[in-house]
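S.K.: output the structure for:
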Amino acid sequence: MTDGKAKQVNIPYGCTRLAMDLEKYPAKAILTVNPDTPHGMSVPESLMNPIGSERLSALAKDAGRLLILTSDQTRPLPSKQTLPYLIAEARAENPALEIRILIATGCHRAMTYQEMEERFGADLIVSEHFVCHNAEDKLGMTFKGILPSGGELWMNSLVDWADIVVAEGFIEPHLFAGFSGGRKSVLPGICSYKTVCGNHCSAFVNIPQTRPGNLTDNPMHMDMLFAAQQAKLAFILNVVLDDAHRIIASFAGDSVRAHMAGCDYVTRRQAIAPVEGDIVVTTNNGYPLDQNFYQSIKGLISAERCVREGGVTILVAECLYGHGSDGFFSFFTRGLTHKQIFDEISSYSASETVLDQWQAQTLTRVCMKCSIIVVTLEQNRDMIRQLGLTWASNLDEALGMAYRKLGEDASLVVIPEGVSVIFT
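M.R.: Down below sits the predicted model:
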């Protein structure tokens, strides 16, 4: 939380930042991560000092085939900085090691060549073998048992091709799974459409254990742990990023112990008490996380903890690529109220789960608590209105709408990095 002396706060929006004048709009609180948290190990240091594991070079010494799971274009993982180190470590004692890199898209679309160049670098794309996971490719899946929740576990059959499976990722609070990273590279990363849908069922989304920063009794997390075990995920490299997407800590080693160490670091850095406000401004941390509205709903979860009943949430998200999911958007094209949509989805059993219903469920739940104004591109105006929300062209316009609705004395809370904070 800031000391209240700042004159402005910068709000992430796409690849830029919007300046918010705190003299014009005095804030009751500005909720941010702790910038004084010491940096952790660098990527090379973490690979040389793995947690709960031998070095990857030792694990891969006598292997023939190694599979690396990595993130897609919707995540800000700086793979140009991490992946070369991971590959070099894997081949350090085994130069002939055959490596395939599986892009863990979950149920997202495949990456374009341009996106792959931007993420991995042209040289690495040429020199290494990349594969995009396809959650709907039934012939490319292998059955790995029954999840703790009762669903069938189907995952990309490349896990059976490999002698060793490793993953790179980054750790941040996640709206359902508690934290990203670690086991999440497997489920939902490389699992089938059917498996992902069952894991993201309405019953799980509706319980308090599936929330940012919580792993205790979290059924989504428990399913993900089981999936990682079945995939024989042997080693991970997970990083923590600051608000400029720079690496500030790196954790390598055992897929459970190294991930937990990273989660503990993120909690120490980013846990904060919620503050209630009549108006709450939030974001999805800018690009690439706010590239579409489907992803940007994650920024509403923090606001939900702070906004009062009947208040106003202002979501600042560029959404360059529109809504981002036909499955999600289709719930809002049938003339139903937010409550009707929420109640319908909540009635679905795990086996009836349809793709991306979980984001519609989350959005409508927040809408039942407060009004939502979205600061986004002009091209998204009609889409925002179809979602039953209010469009604004800029932050001043949105704040003006909110104060006219609630009165000049309405209290204001700002969460500049809505995805980053963990509310205790």
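S.K.: quick one: the strands in the stretch 201-350 of the chain?
M.R.: 233-241, 247-253, 271-272, 277-283, 307-316 (DSSP state E, counting those that start in this stretch).
S.K.: need the winner for burial among the ones you listed.
M.R.: Mean neighbours per residue, mean count of other Cβ atoms under 10 Å, is largest over the strands of the stretch 201-350 of the chain for strand 277-283, with a mean of 28. Yep, even glycine has a C-beta here, placed from its N, CA and C like the rest.
S.K.: of the strands of the stretch 201-350 of the chain, which is nearest residue 85?
M.R.: strand 233-241 (7.6 Å; Cβ to Cβ).
S.K.: the closest one pairs with which strands, parallel or anti?
M.R.: strand 164-170 (parallel), strand 247-253 (antiparallel) (DSSP bridges).
S.K.: closest to residue 338 out of those?
M.R.: Judged by Cβ to Cβ, the one of the strands paired with strand 233-241 that comes nearest to residue 338 is strand 164-170, at 32.2 Å.
S.K.: restricting to C-alpha, output the closest one in CSV.
M.R.: This file holds the C-alpha atoms of strand 164-170, laid out as CSV (Å, rounded to 0.1, in the frame of the first residue of the first chain):
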residue,chain,number,x,y,z
ILE,A,164,12.3,-37.1,-19.0
VAL,A,165,9.6,-34.4,-18.8
VAL,A,166,10.5,-30.9,-17.6
ALA,A,167,8.7,-27.6,-17.6
GLU,A,168,9.5,-23.9,-17.6
GLY,A,169,6.9,-21.4,-16.4
PHE,A,170,6.4,-18.4,-14.1
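S.K.: tell me the helix or strand right after that strand.
M.R.: Tracing the chain past strand 164-170, the next element assigned as helix or strand by DSSP states H and E is strand 173-174.
S.K.: which other residues reach the next helix or strand after that following strand?
M.R.: Next helix or strand after strand 173-174 toward the C-terminus (DSSP H and E): strand 178-179. Outside strand 178-179, the residues that touch it by Cβ atoms under 8 Å, 6 or more residues apart in numbering are 171-173, 210-215, 218, 220-221, 259, 262-263, 266.
S.K.: just those residues: which are in helices?
M.R.: Cross-referencing these against helices under DSSP state H gives 220, 221, 259, 262, 263, 266.
S.K.: the third one reaches residue 237, doesn't it?
M.R.: The one in question is residue 259. No. Residue 259 is beyond contact range of residue 237, at 10.6 Å (criterion: Cβ atoms under 8 Å).
S.K.: ok, residue 392 to residue 138 distance?
M.R.: According to Cβ to Cβ, to the nearest Å, residue 392 and residue 138 sit 43 Å apart.
S.K.: neighbour-wise, which of these two wins?
M.R.: Neighbour comparison, residue 392 and residue 138: the larger count goes to residue 392, with 22 against 11 (by other Cβ atoms under 10 Å).
S.K.: could you check the distance from the more buried one over to residue 401?
M.R.: Distance from residue 392 to residue 401, by Cβ to Cβ: 6 Å.
S.K.: mutual contacts of the two, please.
M.R.: Listed as contacting both residue 392 and residue 401 by Cβ under 8 Å, 6+ apart are residue 373.
S.K.: what sits against the most centrally placed residue in the chain?
M.R.: Among the residues of the chain, the one closest to the centroid is residue 174, at 5.4 Å (Cα atoms, centre = their mean). The contact partners of residue 174, taken as Cβ under 8 Å, 6+ apart, are 180, 184, 212, 298.
S.K.: residue 290 now?
M.R.: Residues near residue 290 by Cβ under 8 Å, 6+ apart: 12, 13, 14, 283, 284, 296, 299, 317, 318, 319.
S.K.: quick check, nearest of these to residue 347?
M.R.: Taking Cβ to Cβ as the measure, residue 347 sits nearest to residue 296 out of the contacts of residue 290, at 26.1 Å.
S.K.: residue 139 - how many residues pack around it?
M.R.: When neighbours are counted by other Cβ under 10 Å, residue 139 registers 6.
S.K.: got the phi and psi for it?
M.R.: Main-chain torsions, residue 139, degrees, to the nearest 10: phi -70, psi -20.
S.K.: again with the one 5 residues further on
M.R.: Note on residue 144: its backbone torsions stand at phi -130, psi 20 [degrees, to the nearest 10].
S.K.: quick one: it and residue 151, what's the gap?
M.R.: 11 Å.
S.K.: tell me where the stretch 1-150 of the chain has helices.
M.R.: For the stretch 1-150 of the chain, the helices defined by DSSP state H, counting those that start in this stretch cover 43-48, 56-59, 79-91, 113-120, 122-127.
S.K.: show me where this protein dips below the pLDDT cut-off.
M.R.: Applying pLDDT under 70 to the chain flags the ranges 1-5.
S.K.: what residues go with each domain of it?
M.R.: As assigned by automatic domain parsing, the chain contains the domains 8-31+274-423, 43-269.
S.K.: and of those domains, who's closest to residue 37?
M.R.: Among the domains of the chain, the nearest to residue 37 by Cβ to Cβ is domain 43-269 (4.0 Å).
S.K.: flag every buried residue along stretch 148-164.
M.R.: Residues of stretch 148-164 classed as buried: 149, 151, 153, 154, 155, 156, 158, 159, 162, 163, 164 (neighbour count, 16 or more other Cβ atoms under 10 Å).
S.K.: quick one: end-to-end distance for that stretch.
M.R.: End-to-end distance of stretch 148-164 (Cα to Cα, to the nearest Å): 24 Å.
S.K.: stretch 27-36 too?
M.R.: Stretch 27-36 has an end-to-end distance of 22 Å (Cα to Cα).
S.K.: that stretch: how far from the chain's middle?
M.R.: Distance, stretch centre to chain centre, for stretch 27-36: 21 Å (Cα atoms, centre = their mean, to the nearest Å).
S.K.: same check on stretch 294-305?
M.R.: With Cα atoms, centre = their mean, you get 11 Å for stretch 294-305.
S.K.: next one: stretch 155-168
M.R.: Stretch 155-168 has its C-alpha centroid displaced from the chain centroid by 22 Å (Cα atoms, centre = their mean).
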